[in-house]
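1. Fold the following, please.
(2 chains)
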Amino acid sequence: MAQSTKKSKSKLWFLVHSWLALPIWFFVLIVCFTGMLAVVSQEIVWLANSDVRASKPSDGAERLSFQQIIDALHKAEPDMAVRMLVQPEGSHFALAASVTNPDGTTPTLYVNPYTGVIQGKAPDFNFEAFTRALHGWWLVPFTNGYSWGWYLVSLLGLPMLASLVTGLVVYKKFWRGFFKPVRSGHGSRIFWGDVHRLAGVWSIWFITVISITGIWFLIQAILGDNHITISSEPIVPVIAREDVPLTADGSPAPRIDLDAAARIATEAIPGLEITFISLPSTAYSHVEMGGRGWYPLMFQTASVNPYTSNVDSKFLLEDRSALEFVTESMRPLHTGDFGGLAIKLIWFFFGLVLTLMVLSGLLIWTKRTAQATAAALKRTDRVARAQPARSETSVEAQP
Amino acid sequence: MSKAQAVPVSPLKQFWLKWRFHINILLILIPLGFMPKYFADAAMFRGDSGLGANQVSDIQVGPYTLDLAELRDEAPRADGPAGHFKLFNAALCKACTTEVKAVYLRIGKPRSLRAAGTIFFGAPYRMITSLPVPPRTRSDAQVWITIEGWDGSMHQASVPLAQASPATVAWLEKQGGTK
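-> As a prediction, the model looks like this:
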């Protein structure tokens, strides 16, 4: 008796497990697949487009400083306004310069970090942005707060976490499954079942990370749409009017250059790495800069006043609350972009495995159901031929 | 096929049983449907489709000229307790970019430079600002542009809100109607 309740319970868990993804399997599949692509989208672009690569002109070549890059850009395009320079993670990537042209277009340019040469313009079809938008919010536009596509995708974190839990309940002694070989000679149902279980146990950590961070994206949207903030980041006040000197001849007041600003910030803040720097966006704005800290999942930023040379504001690791350490770690944990190529490749691989989990789950269900359907058809067939013998009750009894 | 004929189930039900878990493939229509909008928005943010909607060109502000356009031809967007905002783009005349220190936008005439309104951000060729639009704004209101020079000079000009953003005026009239 106890045995049979246990059995029916596990059957129930199994049903729950299959129903979590089954009715929306294609949606889950595409979200997993695009997520996998988004992780390595930057690398795919690097492979496809030579403009994005930071090729050294010679072995001994040194990287230019930010101001040297600005000077080179001004020399090449005197009328162009540079707004921001970003060094993507990894020295094999070219610098990305956000610029504004006199005709009002605002392209991103790929700039060689050794020579300052403009290697090319980001193509109109931005593969990285597109895969991220497709994965992150199903391309649904943000019109009033978070897009409903964002909710649609981030809600998947819940069934994904539930799939993991129910999967582990259904899989008896799953901890012995790490080195179970996949049986290939017993039909596809057995094969896909073995693949699903093996991939599942190795992905426990990854599914946990992706589903919990996915649920965080849902919470983030709910908080954002209700105008609740947990950020302790200071709002940098604009530079006071009296700090900006007037000039008699009407020419712009002198401002310190980017290298001076970067030097002032790194001297004032030990351990500040600068991988992005933006020029003042108004006459009353700061030179903003930042980069990853010793804890690679979070960024540190500083604002330098270009008139007084003071570090007016900073937001460092130690300024974060304990809660922010958790919440700010969520995004990099989801995207895997915090430790260079190696971590990205691990995230890509397990993203592929996760995509296969959805596919194999579907295949198992189809095979199982196909068999069950075939069996049911056979029975109905028998019943039909055995008419008018009363056999309704016996049909219901399963073998 | 012969098997299917033997089953006394309605074809409709059979179709449902066979395809019910594949209906979700239709969800792909959502990103497909939004794709044109996605690429149009991307082009807009790159500045490839011009300054914006309802552009007012060559507004004379003191010795300078400026183009003003709303980012999108639509009503102001709500931003929680902060109120409603409209994004406006502006482009300064090419020759005057070095002399202009700042450009501001405000609904109604500013009393002083310190209350000139919201400041425009970005390169002078394409600047952006988020203009607060109080729901009680009169539909015949003027949008005032204030230009501040590096020498401390101040120049002002205005355009009718109805010209700069017809959708905002339509929205204001609707607000007035419900209140």
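
2. Tell me which stretches of chain A form helices.
-> For chain A, the helices defined by DSSP state H occupy A:2-21, A:25-39, A:41-48, A:66-76, A:127-137, A:148-154, A:157-170, A:188-202, A:204-225, A:258-268, A:322-335, A:340-385, A:392-396.

3. Am I right that B:V56 is in a strand?
-> Yes: assessed with DSSP: H, G, I helix; E, B strand; the rest coil, B:V56 lies in a strand.

4. Roughly how far does it sit from chain A?
-> 15 Å (CB to the nearest CB, to the nearest Å). All C-beta spots, glycine's among them, are computed from the backbone N, C-alpha and C.

5. surely that residue meets B:D67?
-> Yes: counting by CB atoms under 8 Å, B:V56 touches B:D67, with 7.0 Å between them.

6. quick one, domains of chain B?
-> By the assignment in automatic domain parsing, chain B contains the domains B:1-49, B:53-178.

7. What of chain A?
-> If you go by automatic domain parsing, chain A breaks into A:1-49+A:129-232+A:321-399, A:241-319.

8. Those domains: which one's closest to A:Q67?
-> Nearest to A:Q67, of all these, is domain A:241-319, at 4.1 Å by CB to CB.

9. Quick one: end-to-end distance for the closest one.
-> Distance between the two ends of domain A:241-319: 28 Å, counting by CA to CA, to the nearest Å.

10. what's the offset of it from the middle of its chain?
-> 28 Å (CA atoms, centre = their mean, to the nearest Å).

11. can you check stretch A:189-202 too?
-> A distance of 26 Å separates the centroid of the chain from that of stretch A:189-202, by CA atoms, centre = their mean.

12. Any buried residues in it, and which?
-> A:F191, A:W192, A:G193, A:D194, A:V195, A:H196, A:R197, A:L198, A:A199, A:G200, A:V201 (16 or more other CB atoms under 10 Å in any protein chain shown).

13. Adding pLDDT and distance to B:G80, write the residues you listed out as CSV.
-> What follows is the buried residues of stretch A:189-202, written out as CSV (pLDDT from 0 to 100; distance: CB to CB, whole Å):
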residue, pLDDT, distance to B:G80
A:F191, 91, 53
A:W192, 91, 49
A:G193, 91, 50
A:D194, 93, 52
A:V195, 94, 48
A:H196, 95, 45
A:R197, 95, 47
A:L198, 96, 48
A:A199, 96, 43
A:G200, 96, 42
A:V201, 97, 45
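
14. out of these, who's nearest B:V100?
-> A:A199 (60.7 Å).

15. which ones are touching that closest one?
-> When contacts are counted by CB atoms under 8 Å, 6 or more residues apart in numbering or on different chains, A:A199 is found next to A:V353, A:L356, A:M357, A:S360.

16. Surely the last one touches A:L198?
-> No: using CB under 8 Å, A:S360 is not in contact with A:L198, being 9.8 Å away.

17. Quick one: distance of stretch A:74-89 to the chain centre.
-> So, by CA atoms, centre = their mean, the centroid of stretch A:74-89 is 27 Å from its chain's centroid.

18. Let me fix that, I meant to ask about stretch B:84-91.
-> 7 Å.

19. tell me the average confidence for it?
-> Computed over stretch B:84-91, the mean pLDDT rounds to 97.

20. is any part of it close to chain A?
-> Yes: with CB under 8 Å from any CB of the partner chain as the criterion, chain A is reached by stretch B:84-91 at B:A91.

21. the longest helix in chain B is where?
-> Per DSSP H, chain B has its longest helix at helix B:29-45.

22. ok, residues contacting it?
-> With CB under 8 Å, 6+ apart as the criterion, helix B:29-45 contacts A:106, A:124-126, A:129-130, A:133-134, A:138-141, A:149, A:152, B:49, B:52, B:71.

23. Buried subset of the residues you listed as a ChimeraX selection?
-> Here is the ChimeraX command that selects the buried residues among these (16+ other CB under 10 Å):
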select /A:106,126,130,133,134,138,139,140,149,152 /B:52,71
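
24. What count of nearby residues applies to A:R132?
-> 18 (other CB atoms under 10 Å in any protein chain shown).

25. just checking, it touches A:S41?
-> Yes: counting by CB under 8 Å, A:S41 is a contact partner of A:R132 at 7.0 Å.

26. circling back to that earlier point, mean pLDDT for the domains of chain A: which is lowest?
-> domain A:1-49+A:129-232+A:321-399 (a mean of 88).

27. Run the chain-centre distance for it.
-> 17 Å.

28. Next: stretch A:121-139.
-> 12 Å.

29. I'd like to check what contacts that stretch. Which residues are they?
-> A:31, A:34-35, A:37-38, A:41-42, A:44-45, A:48-49, A:51, A:96, A:107-110, A:146-147, A:149-150, A:152-153, A:217, B:30-31, B:34-35, B:37-39, B:42-43, B:46, B:48.

30. Of those residues, which count as buried by neighbour count?
-> In those, burial by neighbour count holds for A:31, A:34-35, A:37-38, A:41-42, A:45, A:49, A:51, A:96, A:107-110, A:146-147, A:149-150, A:152-153, A:217, B:30-31, B:34, B:38, B:42, B:46, counting by 16+ other CB under 10 Å.

31. picking up where we left off before, using a markdown table, lay out the domains of chain A together with distance to B:P81.
-> Shown next, in a markdown table, are the domains of chain A (distance: least, CB to CB, whole Å):
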| stretch | distance to B:P81 |
| --- | --- |
| domain A:1-49+A:129-232+A:321-399 | 6 |
| domain A:241-319 | 24 |
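
32. who wins for proximity to A:E62 among those?
-> domain A:241-319 (14.0 Å).

33. can you tell me if that closest one touches chain B.
-> Yes: Domain A:241-319 lies within reach of chain B by CB under 8 Å from any CB, at A:241, A:244, A:246-253, A:281-285.

34. biggest separation within those residues, which pair?
-> It's A:A248 and A:S281 that sit farthest apart of the residues of domain A:241-319 next to chain B, by CB to CB, at 25.6 Å.
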